[in-house]
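Visitor: Sequence and predicted model, in that order:
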Amino acid sequence: MTIDTTAVENLTPGAQRLLAVASDLFYEHGIHAVGVDTIASEAGITKPVLYKNFGSKDGLVVAYLTQRHRTWWPTVEEALSQAEAPRALAFFDIYMRDAQTITRGCAYLNAAAELSEDHPAYPVIRYHKHAVCQRIRELIEADSPTTESPKRVADHLFLLLEGAFAHHHVYGRPLLAEAREMAEQVLGGAHSA
């Protein structure tokens, strides 16, 4: 599974400005609440520039989610490169760090709540979440080769991670730390005899 990144590559300065402004507005106010008139006005760029570069608001939403993934993923890989085994737990540390600076939860879960599954941005949402789960599985397989059913263990860790992150504002940030402890227990009990 891959995503088409051409929507965010080689953008003109005006298109980059539109994408930056749209990204902030979509995240802070919601995708449906923000129209192209507002985006163009806030960016100081005309609507024809938006349509020329992104085709439509839907195309801009695709670019927004694609760009978030492209800028976030290298920080994930950097953190994983410095983490000690079992590195799958580093995702909990990354999410805890992210939870300190974000204000409105996960952009992908927010978008999934707003968009229908046939929206052109939905594959980007799926790609992002699949990439996290797949990377957790790869780390489990590399760091703990005797783990029984690494896919199942990765799925459990992914659900712990996502659930804790989705609810950390409701229950407070310690929920992510508690989920990390649970993940350690899952990993500890997942080895073959």
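Guide: Right, received. Where do you want to start?
Visitor: remind me, longest helix of this structure?
Guide: helix 57-82 (DSSP state H).
Visitor: That one: what's the following helix or strand?
Guide: Scanning forward in sequence from helix 57-82 by DSSP states H and E, the next helix or strand is helix 90-99.
Visitor: what is the orientation angle of that following helix with helix 57-82?
Guide: Using axes from the mean of the first three to the mean of the last three CA atoms, to 10 degrees, the inter-axis angle of helix 90-99 relative to helix 57-82 is 120 degrees.
Visitor: ok so, going back, in terms of secondary structure, what does the longest helix of the chain contact?
Guide: helix 13-29, helix 36-43, helix 47-54, helix 90-99, helix 107-114, helix 122-143 (3 or more CB pairs under 8 Å, 6 or more residues apart in numbering; DSSP states H and E). Placement of C-beta: from N, CA and C, glycine included.
Visitor: Which one, of these, ends up nearest to Phe158?
Guide: With distances scored as CB to CB, the stretch of the helices and strands packed on helix 57-82 nearest to Phe158 is helix 122-143 (4.2 Å).
Visitor: which residues are contacting that closest one?
Guide: 1-3, 62, 65-66, 68-69, 73, 76, 80, 85-88, 90-91, 108, 111-112, 115-116, 147, 150-151, 153-155, 157-158, 161-162, 187, 190 (CB atoms under 8 Å, 6 or more residues apart in numbering).
Visitor: Check stretch 18-29 too.
Guide: 8, 11, 34, 38-40, 42-43, 45, 49-50, 53-54, 60-61, 63-64, 67-68, 103-104, 107, 110-111.
Visitor: do the same with stretch 158-177
Guide: Residues outside stretch 158-177 that contact it (CB under 8 Å, 6+ apart): 91-92, 95-96, 98-100, 105-106, 109, 129, 132-133, 136, 178-179, 182-183, 186.
Visitor: average pLDDT for it?
Guide: For stretch 158-177, the mean per-residue pLDDT is 88.
Visitor: now stretch 81-98
Guide: Taken as a whole, stretch 81-98 carries a mean pLDDT of 96.
Visitor: got the buried residues for that stretch?
Guide: Going by neighbour count (16 or more other CB atoms under 10 Å), the buried part of stretch 81-98 is Ala83, Pro86, Arg87, Ala88, Leu89, Ala90, Phe91, Phe92, Ile94, Tyr95, Met96, Asp98.
Visitor: which two from the residues you listed end up farthest apart in space?
Guide: Greatest spatial distance among the buried residues of stretch 81-98 (CB to CB): Pro86 and Asp98, at 20.0 Å.
Visitor: before we move on, back to that, could I get the helices and strands packed on helix 57-82 as a markdown table with distance to Ala166?
Guide: Shown next, in a markdown table, are the helices and strands packed on helix 57-82 (distance: least, CB to CB, whole Å):
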| stretch | distance to Ala166 |
| --- | --- |
| helix 13-29 | 15 |
| helix 36-43 | 27 |
| helix 47-54 | 29 |
| helix 90-99 | 10 |
| helix 107-114 | 6 |
| helix 122-143 | 12 |
